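>>> sequence and computational prediction follow.
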Amino acid sequence: PSSEGRGYVLRRILRRAVRYGRSKLDAPPGFFSKLVPKVVESLSPGFPDLTRAAGERVQGILRDEEVAFDRTVDRGMQFFDGLKADLEKEGLQVVPGDQAFLLYDSHGFPLDLTEQMALESGLSVDIAGFEAAMEQQKERSRAALREQQAQEQGLRPLQLVAEQTAWLSDQKIPVTDDLKKYTWKIRPSARVEAIYTEQGFVNSSAEIKDQSASVGIVLNTSPFYAEAGGQVGDLGLLTNEDGEELMKVKVVQVFAGYVLHVGPMPVNCAVGDEVFCEVDYEHRSKVAPNHTMTHVLNWALREVLGEGLDQRGSLVTADRLRFDFSYEGSSGVSVADLEKVETLVQKTVDTGLPVTSKEVALADAQAIYGLRAMAGEAYPDPVRVVTVGSPIEEVLQTPGAERWRSQSVEFCGGTHIATTSEAKHFVLLEEKGIAKGVRRIFAATGAVAETALEEAQRMEERMKELDTSNVEEDALMALQKDLDSLLLPAVPKARLRDRLGELRK
């Protein structure tokens, strides 16, 4: 069970069963998982794979899921009963969408469960209102992320909502042509189509009175990569033909196809002006290896941990990468498995495999054997496919070949390196749980990974220098403090902790 895709379908079924048993059958908490042994006993003769061990594993998963829902199911049912009473008093027969969303968001009641409860009570649910409340919640989350990114760059956040994008469309301003974002080392010219501030659109920077204002510029074409798919946006400059700086581009985001280049107050900039786009390719050259290695990490995790592992999210920055994935192991990924994963990824780096991409018809892309995609994500048609290893053209010639499972093939709209050797180094920095059945890995490439490896080597040498026959507590405490604070690869860090623990015995 999970919060997305097939896992969420399973969670919805489980929660409907638990709610029905508790409210209609007066069953005690924890009843559902206790049914598993009987199910195994009755079905195992016809399903040989349904062994006792498999049943115990299923029962453990159900028990954890049931315990998580039990924390809120009683409050949720009480909330619904109170809501039902209020509707009856007012002579209403429709559960408001915002109240159905509150049941979902605060009490863990999926919409179809609320619909079932409403049906049992002779009521219906305002589905459109629920979806509107859901979209408002998503927009609040997106706005919070935009605000965080803007604040990190010393800016006040800007966004183009429906009102602004509709205005741009009414002015016959076309959406931004951003195909050049995949091309490196260029300095193309572009035309300023619109200038946006917190007070609205202006025709010229001369109209902006607040010198501390954040300003967004919409161009007709742009080589800047806008934040998307977990990858941070490009940084850079807008200049005049002579290279004189007009505005520092610190945040790049896209709204309904319009790419907004946000920065501090620009110099002498007006709608219709020609500007030149200078992407900070040094910054991108740190982001791109982390993105490509996120793909390779996804593949390596499946190779080591097996099928059933799905991506749950990612974040790619210049410093490191973060990868969230589904995994049933209650104690997390073992140090031995982490080492296997790290070795596989580093081998890919050392081999120097080509990284290729192409826009492909969605149906053709989905036919590729072993292709990885984000669970529950809707993809455009055509969709961009990125391969690490055999070129995408070769893959498309025989999409059903099983050998494609032995390399990374993913849907992705991000920027990547040309060959895996550009990553230079790869290290896993941390692995931890963030939710039931979801694990998170932090990793790094390039100079950050190299520094972490060097720090680990220095810690190894310090550990060897200790006089194991007479270790002073102050020396052990100093080592412990450095282990906790230094950026070290996860595998040597775990082993150093174990050795430190042995010295303290």
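Alright, I've got the coordinates. Since this is a predicted model, take the numbers as computed values, not measurements.

>>> which residues are in contact with residue 31?
Taking C-beta atoms under 8 Å, 6 or more residues apart in numbering, we find residue 31 in contact with 21, 22. The way it works is simple: take the backbone N, C-alpha and C, and place the C-beta from them, glycine included.

>>> ok, then the element right after the helix or strand containing residue 88?
Take DSSP states H and E as the rule and residue 88 turns out to sit in helix 52-90. Remark: after helix 52-90, the chain's next helix or strand is strand 94-95, criterion DSSP H and E.

>>> now the helix or strand following that next one: average pLDDT?
Under the assignment DSSP H and E, the closest C-terminal helix or strand after strand 94-95 is helix 97-107. Model confidence over helix 97-107 averages 87 on the pLDDT scale.

>>> who are the packing partners of whatever helix or strand comes next after helix 97-107?
Downstream of helix 97-107, the first helix or strand assigned by DSSP H and E is helix 111-120. Applying 3 or more C-beta pairs under 8 Å, 6 or more residues apart in numbering; DSSP states H and E, one finds that helix 111-120 contacts helix 5-24, helix 52-90, helix 97-107, strand 124-125.

>>> what about residue 211, distance to residue 380?
To residue 380, residue 211 is 40 Å away according to C-beta to C-beta, to the nearest Å.

>>> and residue 416, by the same measure?
Distance of residue 416 to residue 380, given as C-beta to C-beta: 18 Å.

>>> neighbour count winner among those two?
Per other C-beta atoms under 10 Å, whichever of residue 416 and residue 380 has more neighbours is residue 416, with 23 against 10.

>>> doesn't that one fall inside a helix?
No. The assignment for residue 416 by DSSP: H, G, I helix; E, B strand; the rest coil gives coil, which leaves it out of any helix.

>>> OK, contacts around it?
288, 291, 292, 295, 355, 357, 386.

>>> redo that, cut-off 10 Å
Contact analysis of residue 416 by C-beta atoms under 10 Å, 6 or more residues apart in numbering lists 182, 231, 287-289, 291-295, 355-357, 386, 388, 422.

>>> the closest residue in space to it that isn't next to it in sequence in helix, strand or coil?
Once flanking residues are discounted, residue 416 sits nearest to residue 292: 4.6 Å by C-beta to C-beta, 6 or more residues apart in numbering. Secondary structure for residue 292, judged by three-state DSSP, is helix.

>>> so who does residue 292 touch?
Applying C-beta under 10 Å, 6+ apart, one finds that residue 292 lies in contact with 316, 321, 348-349, 353, 355, 386, 388, 408, 412, 414-420, 422-423, 445.

>>> filter those residues to the buried ones?
When the contacts of residue 292 are checked for burial by 16 or more other C-beta atoms under 10 Å, the buried set is 316, 321, 348-349, 353, 355, 386, 388, 408, 412, 414-417, 419-420, 422-423, 445.

>>> take those residues and keep only those in strands.
Using DSSP state E to define strands, the subset of the buried ones among the contacts of residue 292 located there is 316, 321, 355, 386, 388, 408, 445.

>>> CSV for those residues, including pLDDT?
Below are these laid out as CSV (pLDDT from 0 to 100):
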residue, pLDDT
316, 97
321, 97
355, 98
386, 97
388, 97
408, 96
445, 98
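
>>> residues contacting residue 192?
Counted by C-beta under 10 Å, 6+ apart, residue 192 has contacts 203-205, 217-220, 238, 246, 261, 266, 269-275.
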